[in-house]
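Trainee: Here is a sequence with its predicted model. Questions after.
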Amino acid sequence: MTSPLDRFRPTATRPRRVRDLALTFGLETAATGPDDVTVTSVVSDNRLTADGDLFVALAGSRAHGARFAADAVARGARAVLTDAEGARLLGDALAGVPVLVAPDPRAVLGAVAAWVYGSPAERLMTFGVTGTNGKTTTTYQIDHLLRALGWKGGLVGTVEMRSGDRVLASRLTTPEAADLQALLATMVEDEVRTLAMEVSSHALALHRVDGIEFGVVGFTNLSQDHLDFHGDLQAYFDTKALLFTPARARRGVVVVDDAWGERMADAARIPVATLRTRPARDGEADADWTVSDVVPHGTGSAFTLTHADGRTLRTSTSLPGGFNVANAALAAVMVLEGGAHLDDVREALDAAGGLSATVPGRMEVVGAGGGGDPRVVVDFAHNTDALELALDALRPTTAGRLVVVFGATGDRDAGKRPAMGAAAVSGADVVVVTDDDPHGEDPAAIRAEVLGGARAARDVAAAAGRSVEVLEVAPRAEAIRRAVLDAGPDDTVLVAGRGHETIQEVAGVDLELDDRVEARRALATRHERTTTA
Ligand SMILES: CC(=O)N[C@H]1[C@@H](OP(=O)(O)OP(=O)(O)OC[C@H]2O[C@@H](n3ccc(=O)[nH]c3=O)[C@H](O)[C@@H]2O)O[C@H](CO)[C@@H](O)[C@@H]1O[C@H](C)C(=O)N[C@@H](C)C(=O)N[C@H](CCC(=O)O)C(=O)O
Ligand SMILES: Nc1ncnc2c1ncn2[C@@H]1O[C@H](COP(=O)(O)OP(=O)(O)OP(=O)(O)O)[C@@H](O)[C@H]1O
């Protein structure tokens with residue numbers, strides 16, 4: 001996630017007295033300024049600071065925000081909120097600028113920012129989606145449906161932040177609280193009425209969504225990811241479960257296709273509707289909403305959504321794969337549970353061609369195949385489960401070989417690397433192991449770990465009579481090129497892991513790399529070769 005540092009800012013906010021802020025939140029004062037100092041906005045990064053800001057200096061793993069406070073003040077910050085360590089670092093360096101102190105400023109930042117901006121979330125119909133996979137896709141489908149219903153929508157997630165038609169690329173899936181509240185205030189100014197947003201587990205652990213009580217929250221699924229941050233799966237689950245508490249949401253929808261979903265429905269401390277998108281197994285309790293009659297429809301699937309009370313909705317999604325039926329169904333149920341009328345939803349979806357949002361880098365068809373070309377699909381699958389599912393989704397419509405190009409990310413969750421290699425072998429016929437975002441790690445060492453898992457699985461497959469080719473090609477652009485050039489006309493090439501991302505971080509250096517651009521370039525080279533042959 002390496003987009004430029006930027007954020008939305010509302011143009012007009014009411015000045016808030018720093019003295020009232022201290023009183024409202026019980027903050028101590030380490031340095032006083034003039035009595036009438038006011039702030040109009042909140043920021044937690046000096047590089048984003050502008051006139052009238054409250055600069056919140058947070059302790060981080062790489063630096064203490066207090067180190068940047070003098071620069072923030074030079075850029076117009078009127079007051080600083082920090083912790084005791086920050087106040088110590090500041091000393092009396094910021095003459096005349098009030099410095100407020102909280103034991104854990106992150107824990108009050110969301111509420112403080114919401115207070116400064118006049119609680120903008122309360123003026124929006126809010127939908128929050130969490131889970132390991134499917135957050136982005138589901139969020140886009142919710143936004144698509146809300147727009148089809150005639151609402152002016154806002155969207156926040158991994159790919160972009162949107163206030164009506166204004167768009168900024170995202171750096172994080174869920175922005176820091178100060179930036180998020182500023183974005184919500186901008187949405188209110190822009191007369192946006194609804195918000196569909198992704199809520200990552202990091203966001204819940206790091207208080208980024210404090211200050212928002214969602215109207216409806218949704219849970220997609222849970223599988224191994226981000227264990228470098230959370231430690232183990234149970235802790236990861238417990239963090240996600242925080243979203244299903246009265247402080248954060250009024251009601252929820254939980255997909256109960258996996259055991260973690262069942263647990264989430266049990267753990268939720270708000271009213272939840274359950275949704276099962278696959279046939280029930282023996283002994284499973286009935287879900288409130290179920291999906292049935294799934295059939296191929298265009299590039300995706302048509303399906304029927306039925307409530308236990310008998311209400312039904314037949315609709316479709318244009319995105320391939322069973323998991324996209326789950327994402328689309330979750331989106332529709334969240335909007336219905338949010339109070340939309342079934343007939344209105346049916347009419348809106350019929351007019352909009354179903355849940356047919358285009359989601360950048362999610363099962364995005366870069367080349368449809370035909371005319372001697374392979375089909376080329378770019379997807380964001382960057383963990384074991386997602387990789388398996390993406391390959392499964394493409395297998396039924398692949399007449400020839402299924403080729404996958406992927407790598408594992410550096411600096412995080414090394415445990416998943418061999419498993420991803422094995423998953424690729426179980427789902428594809430040709431596995432091209434390359435680099436993802438190595439960050440600070442040695443790319444060759446990451447590839448070796450992925451290849452270890454892939455080669456072991458290949459040998460097991462070979463013993464069972466199934467032949468899978470495993471290749472190592474780097475850098476990534478070359479791997480995409482080779483895969484596309486070597487593929488047959490009936491093959492599908494899945495380029496997995498980076499989706500919409502356009503910057504690859506190698507040894508701390510940002511390189512431009514967009515899988516979709518590389519794939520199109522390789523297809524063009526194929527055409528040139530055919531023409532000149
Ligand atoms: C673990 C984590 O999420 N860390 C985030 C956290 O870092 P940190 O607390 O260590 O902060 P730091 O970089 O030491 O900086 C301390 C403070 O100084 C400020 N600062 C720092 C540098 C500077 O020049 N000026 C400045 O003011 C920072 O804004 C921060 O307030 O605060 C930083 C500032 O906002 C984030 O950039 C950083 O995200 C890191 C880079 C990150 O990669 N986070 C990922 C893992 C993440 O949050 N991912 C989730 C989920 C994605 C998914 O589901 O796949 C997401 O929501 O994006
Ligand atoms: N419901 C689902 N179940 C399992 N896998 C899914 C599901 N939806 C999408 N995927 C896979 O996961 C990848 C990421 O999808 P998406 O971006 O929608 O999820 P996400 O939760 O936003 O992920 P991230 O937070 O990492 O951005 C997709 O490219 C697809 O391969």
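Mentor: Yep, that arrived. Residues are numbered from 1 along each chain as shown. Ligands and ions are numbered 1, 2, ... in the order given.
Trainee: got the residues of the protein near ligand 1?
Mentor: Taking CB under 6 Å from any ligand atom as the measure of proximity, the chain contacts ligand 1 at 44-47, 58, 60-63, 65, 68, 172-174, 176, 200, 202-203, 206, 229. C-betas here are computed from N, CA, C, even on glycine.
Trainee: And the buried ones among those residues, selectable in ChimeraX?
Mentor: In ChimeraX, a selection of the buried entries from these looks like this (16 or more other CB atoms under 10 Å):
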select :44,45,46,58,65,68,172,173,174,176,200,203,206,229
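Trainee: Filter the residues of the chain next to ligand 1 down to just the ones in helices.
Mentor: Counting by DSSP state H, the residues of the chain next to ligand 1 place 202-203, 229 in helices.
Trainee: Return the item of those residues having minimum pLDDT.
Mentor: Across those, the bottom pLDDT score, 74, is held by residue 229.
Trainee: Assess the claim that that one and residue 205 are in contact.
Mentor: Yes: between residue 229 and residue 205 there is a contact under CB atoms under 8 Å: 7.4 Å.
Trainee: Right, and ligand 1 sits closest to which residue of the stretch 251-400 of the chain?
Mentor: residue 382 (7.9 Å; CB to the nearest ligand atom).
Trainee: my read is that residue is in a helix, agree?
Mentor: No: counting by DSSP: H, G, I helix; E, B strand; the rest coil, residue 382 is not found in a helix; it is coil.
Trainee: Without its sequence neighbours, what residue ends up closest to it?
Mentor: Excluding the flanking residues, the one nearest residue 382 by CB to CB, 6 or more residues apart in numbering is residue 497, at 4.5 Å.
Trainee: Please apply the same query to residue 118.
Mentor: Once flanking residues are discounted, residue 118 sits nearest to residue 14: 6.6 Å by CB to CB, 6+ apart.
Trainee: For that neighbour, what are phi and psi?
Mentor: Main-chain dihedrals, residue 14, degrees, to the nearest 10: phi -80, psi 130.
Trainee: Quick check, it in contact with residue 52.
Mentor: No: using CB under 8 Å, residue 14 makes no contact with residue 52, being 11.1 Å away.
Trainee: between these two, which one's more packed in?
Mentor: Remark: of residue 14 and residue 52, residue 52 carries more neighbours, 18 against 9, as counted by other CB atoms under 10 Å.
Trainee: so what's the residue lying closest to the more buried one once chain neighbours are set aside up against?
Mentor: Among residues not flanking residue 52 along the chain, residue 40 sits closest, at 4.0 Å (CB to CB, 6+ apart). With contact taken as CB atoms under 8 Å, 6 or more residues apart in numbering, residue 40 is in contact with 13-16, 52-53, 116.
Trainee: Mind giving me the PyMOL command for buried ones among these?
Mentor: Those of those that count as buried under 16+ other CB under 10 Å are selected in PyMOL with:
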select buried, resi 13+16+52+53+116
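Trainee: what's the lowest-pLDDT member of the contacts of residue 40?
Mentor: When those are compared by pLDDT, residue 13 scores lowest at 84.
Trainee: Do I have it right that that residue meets residue 117?
Mentor: Yes: Residue 13 is in contact with residue 117 according to CB under 8 Å; the separation is 6.0 Å.
Trainee: Identify the contacts common to these two.
Mentor: Jointly contacting residue 13 and residue 117 under the rule CB under 8 Å, 6+ apart are 41, 185.
Trainee: ok, now how distant is residue 104 from ligand 2?
Mentor: As judged by CB to the nearest ligand atom, to the nearest Å, residue 104 and ligand 2 stand 26 Å apart.
Trainee: Help me confirm that that residue comes into contact with residue 83.
Mentor: Yes: the pair residue 104 / residue 83 is scored as a contact, 6.8 Å apart, by CB under 8 Å.
Trainee: Which of these two has more residues huddled nearby?
Mentor: Ranked by neighbour count (other CB under 10 Å), residue 104 and residue 83 place residue 83 first, with 20 against 11.
Trainee: any idea of the pLDDT on the nearest residue to that one once chain neighbours are set aside?
Mentor: Nearest residue to residue 83, sequence neighbours excluded (CB to CB, 6+ apart): residue 105, at 5.5 Å. At residue 105, the model reports a pLDDT of 98.
Trainee: wait, doesn't residue 220 sit right on residue 139?
Mentor: No: with contact defined as CB under 8 Å, residue 220 does not reach residue 139; the gap is 10.2 Å.
Trainee: Please enumerate residues in contact with stretch 521-533?
Mentor: Residues outside stretch 521-533 that contact it (CB under 8 Å, 6+ apart): 366-367, 372-373, 376, 480-481, 483-485.
Trainee: Kindly recompute the last result at 6 Å.
Mentor: The contact list for stretch 521-533, computed with CB atoms under 6 Å, 6 or more residues apart in numbering, reads 367, 480-481, 484-485.
Trainee: want to throw those residues into CSV with distance to ligand 2, neighbour count and pLDDT?
Mentor: Listed next are the contacts of stretch 521-533 as CSV, based on distance: CB to the nearest ligand atom, whole Å; neighbours: other CB atoms under 10 Å; pLDDT from 0 to 100:
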residue, distance to ligand 2, neighbour count, pLDDT
367, 17, 22, 92
480, 16, 28, 98
481, 22, 19, 98
484, 19, 27, 98
485, 24, 14, 97
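Trainee: for whichever helix or strand residue 185 is part of, packing partners?
Mentor: Using DSSP states H and E, residue 185 falls within helix 177-189. Under the contact criterion of 3 or more CB pairs under 6 Å, 6 or more residues apart in numbering; DSSP states H and E, helix 177-189 touches helix 105-116, strand 160-163.
Trainee: The first one to helix 177-189, inter-axis angle?
Mentor: Between the direction of helix 105-116 and that of helix 177-189, the angle (axes from the mean of the first three to the mean of the last three CA atoms, to 10 degrees) works out to 20 degrees.
Trainee: mind listing what's buried in helix 105-116?
Mentor: 105-106, 108-116.
Trainee: Tell me the secondary structure at residue 151.
Mentor: Residue 151 ends up coil, using three-state DSSP.
Trainee: Mind telling me what element residue 305 is part of?
Mentor: Secondary-structure element containing residue 305, defined by DSSP H and E: strand 300-307.
Trainee: what is the orientation angle of whatever helix or strand comes next after that strand with strand 300-307?
Mentor: Next helix or strand after strand 300-307 toward the C-terminus (DSSP H and E): strand 312-317. Strand 312-317 and strand 300-307 are oriented at 160 degrees to each other (the same axes, to 10 degrees).
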